[in-house]
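Engineer: give me coordinates for this.
(one chain, ligands or ions: 1)
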Amino acid sequence: MPMPSFDTIVIGAGPNGLAAAHRLASRGVSVLLLEAGDAPGGGAGLAHLSYNLDPRVEKAMDLARHGLTWASRDLATTVVSPDGRHLRLQGDRVTGDLPETDRAAWTALRARLLRFAAVLAPLNHMAPPRLARNVGNPMVKLAMIGLKARMMGGAEFRELGRILLTNVHDVLDDELTDPRLKGALAFEATLGGWLGPRSPNSLLPWLVRLSGETAGVQAAHGLPKGGMGAITEAMVRAVTAAGVTLRCKARVARILVEGEKVVGVVLQGGEELRAARVVSSLAPRTTLLSLIGARHLDAGLVTRMRHQKARGGAARLHLTLRGIPDFMGANLQDRLVIAGSEHDVERSFNPVKYGKVPSHPGLEIVIPTAHEPRADGRHHLSVIAQFAPHAPADRDAARAEMLAACLAQLDRHAPGLAGLVERADLLMPYDIEDRYGLPGGQWHAGELSVEQMLFLRPLPGIAQYRGPLPGLWLASAGCHPGGGISGTPGWNAALAMEAAE
Ligand SMILES: Cc1cc2nc3c(=O)[nH]c(=O)nc-3n(C[C@H](O)[C@H](O)[C@H](O)COP(=O)(O)OP(=O)(O)OC[C@H]3O[C@@H](n4cnc5c(N)ncnc54)[C@H](O)[C@@H]3O)c2cc1C
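Structural biologist: Residues are numbered from 1 along each chain as shown. Predicted structure coming up:
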């Protein structure tokens, strides 16, 4: 039977492809969503906490009606110390033995960072303005953001300007003294990036992270019931209800270009599918260099795309434990962070620059079985370990070394844990690239650094979701405003397509 024809083909059923497909279908567009994997969801299989689920997406897709519920809308963070002197952060409250001056300083710094992030948050929901042209509406939105920033008062406005260009280490060092607190914050600020806390301009990506909200709470760490896959599962039910046709095991091998226009796709196996518009939620680099091919593109664009930085620094570890671990009395329902000091975070980044494994990686740990126990009493430790090299000389040796370093770090903070391990699965950034298609295993499908943000993301000239060839649209985490299980770039791309009609 011939495949019915569609107005629009969306490539990739991760959060952004799902969000874009839903928005388009709910406006009456017939959409075919093609997913290479056996099941949709994409990078939701990598994620373990929600920090920036787009409220527009959550509402319009009615994810609650489609089954999304929360085990916690905002997990507390326990900063685990090997001597049992843990700190517990919940909102702006810190419990544990912390100097009073640090407690007050963190409350004030957090409030300020959240205020700055909230001022910048509307940027997430718009296409970056084209600076070269006077395009009206985006400029008005930018002016509104500028006005909101100015309304904070002269002193705060100047401080925002200063802080935007500074690095995480200096801001923490100016305000705080406690190494445990500085370490945990430096780890969070650099999570998903390829930047140490002392790297220039490292504060801005942290503000982007803090500008996210999840389940209505800014800068939260939400845990959906059933894990992060529950978000994309609800999204799949929503797109199906909206009339999107989803095909899994349908890997796009090539985007069809005729007469310098995109006219459809060719699947692995040779099936050809045509549509007036193709929306790719794959990383821009993959879309342009692998699926379109350099011969259809401007040589300068190809060079700039090749030079775009996409180095992943986070590894993913799943452990099955035969018993319950004891992190020196820490609450196992919390988000646990092992980071040492701010210097330890920087030290864990240093070897990665040279393709080597750090001896003391920072760890973010979630224990889903502490929220939803397993009948057999086993526990699941879900860990993101940072930093990890994306291109070591010997991949297998680096993976083995990283696993040993992670287990040693865990065992130092939860004595005896290593002896409980029944199964360990570690994905290094290069494994993540192979399995999930994120270039370099990069969290944001292209580093989220100042020179690759806003109208420079993914590249100048194609930063408004419109691809370099007519008929092609870009909708991945590699576009503004970056990654996470948010749906934001996908939603923004669909809005840009509507605006172009
Ligand atoms: C180690 C690690 C941990 C992370 N942890 C978190 C976290 O805790 N919380 C969080 O919010 N975010 C987290 N992220 C980030 C998050 O996973 C990504 O930013 C997000 O998945 C990007 O969404 P996307 O829709 O743009 O792309 P993806 O989720 O990568 O989706 C792209 C989809 O396209 C499919 N595809 C690929 N090639 C083809 C093809 N040729 N044809 C058809 N389909 C194809 C893929 O199978 C995939 O389903 C983490 C990332 C990493 C690397």
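
Engineer: where does Ile384 land in three-state SS?
Structural biologist: Following DSSP: H, G, I helix; E, B strand; the rest coil, we place Ile384 in the strand state.

Engineer: which SS class is the closest residue to it other than its chain neighbours?
Structural biologist: Spatial nearest neighbour of Ile384, chain neighbours left out: Glu364 (4.6 Å); criterion: CB to CB, 6 or more residues apart in numbering. C-betas here are computed from N, CA, C, even on glycine. For Glu364, the assignment made with three-state DSSP gives strand.

Engineer: count the neighbours of Glu364 for me.
Structural biologist: 23 (other CB atoms under 10 Å).

Engineer: would you agree it is in contact with Val337?
Structural biologist: Yes - applying CB atoms under 8 Å, one finds Glu364 in contact with Val337, separated by 5.7 Å.

Engineer: overlap in contacts, these two.
Structural biologist: Common neighbours of Glu364 and Val337, counting by CB atoms under 8 Å, 6 or more residues apart in numbering, are Phe187.

Engineer: that older thread, list the contacts for the residue nearest to Ile384?
Structural biologist: By CB under 8 Å, 6+ apart, the contact list for Glu364 reads His48, Leu49, Phe187, Leu191, Arg335, Leu336, Val337, Val383, Ile384, Gln386.

Engineer: now distance to the ligand, pLDDT and neighbour count too, for the residues you listed, in CSV please.
Structural biologist: Putting the contacts of Glu364 into CSV (distance: CB to the nearest ligand atom, whole Å; pLDDT from 0 to 100; neighbours: other CB atoms under 10 Å) gives the following:
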residue, distance to the ligand, pLDDT, neighbour count
His48, 5, 98, 20
Leu49, 4, 98, 21
Phe187, 13, 98, 26
Leu191, 8, 98, 19
Arg335, 10, 98, 21
Leu336, 14, 98, 26
Val337, 13, 98, 23
Val383, 10, 98, 23
Ile384, 5, 98, 23
Gln386, 8, 98, 25
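
Engineer: so which of those residues are in strands?
Structural biologist: The members of those that map onto strands under DSSP state E are Arg335, Leu336, Val337, Val383, Ile384, Gln386.

Engineer: host element of Leu89?
Structural biologist: strand 87-90 (DSSP states H and E).

Engineer: downstream of that strand, the next helix or strand is which one?
Structural biologist: That would be, after strand 87-90 and using DSSP H and E, strand 93-95.

Engineer: from Leu336, how far out is the residue in the stretch 351-500 of the chain that the ligand sits nearest to?
Structural biologist: Proximity of the stretch 351-500 of the chain to the ligand (CB to the nearest ligand atom) peaks at Gly483, 2.5 Å away. Plainly put, Gly483 is 23 Å away from Leu336 if you go by CB to CB, to the nearest Å.

Engineer: now swap in Arg27 and tell me
Structural biologist: 43 Å.

Engineer: repeat for Ser290
Structural biologist: Distance of Ser290 to Leu336, given as CB to CB: 38 Å.

Engineer: pretty sure the residue of the stretch 351-500 of the chain closest to the ligand sits against Arg457.
Structural biologist: No - using CB under 8 Å, Gly483 is not in contact with Arg457; the gap is 11.1 Å.

Engineer: what touches both of these two?
Structural biologist: Common neighbours of Gly483 and Arg457 (criterion: CB under 8 Å, 6+ apart): Leu448.

Engineer: neighbours of the one residue in the stretch 151-300 of the chain that gets nearest to the ligand, how many?
Structural biologist: In the stretch 151-300 of the chain, the residue that lies nearest the ligand is Val252 (3.8 Å; CB to the nearest ligand atom). Neighbour count of Val252, defined by other CB under 10 Å: 24.

Engineer: next one, pLDDT for it please.
Structural biologist: Val252 carries a pLDDT value of 98.

Engineer: got the phi and psi for it?
Structural biologist: phi -80, psi 120 (degrees, to the nearest 10).

Engineer: dump the residue contacts of Arg466.
Structural biologist: Contacts of Arg466 (CB under 8 Å, 6+ apart): Leu472, Trp473, Leu474, Ala496, Ala500.

Engineer: I should have written Leu114 there, sorry.
Structural biologist: Per CB under 8 Å, 6+ apart, neighbours of Leu114: Leu210, Gln218, Ala219.

Engineer: what about those residues, which are in helices?
Structural biologist: Judged by DSSP state H, those include Leu210 as members of helices.

Engineer: so which of the contacts of Leu114 are also by the ligand?
Structural biologist: Checking the contacts of Leu114 against the ligand by CB under 6 Å from any ligand atom, not one of them is in range.

Engineer: sorry, back to before: just checking, what packs against the strand holding Leu89?
Structural biologist: Other helices and strands packing on strand 87-90, by 3 or more CB pairs under 8 Å, 6 or more residues apart in numbering; DSSP states H and E, are strand 77-79, strand 93-95, helix 179-190.

Engineer: could you redo the ones in strands among the contacts of Glu364 as a markdown table and give each row distance to Phe327?
Structural biologist: Compiled in a markdown table, those are given as follows (distance: CB to CB, whole Å):
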| residue | distance to Phe327 |
| --- | --- |
| Arg335 | 12 |
| Leu336 | 6 |
| Val337 | 11 |
| Val383 | 12 |
| Ile384 | 16 |
| Gln386 | 18 |
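
Engineer: which element is Leu147 on?
Structural biologist: According to DSSP H and E, Leu147 maps onto helix 137-150.

Engineer: what is the mean pLDDT for that helix?
Structural biologist: Across helix 137-150, pLDDT averages out at 77.
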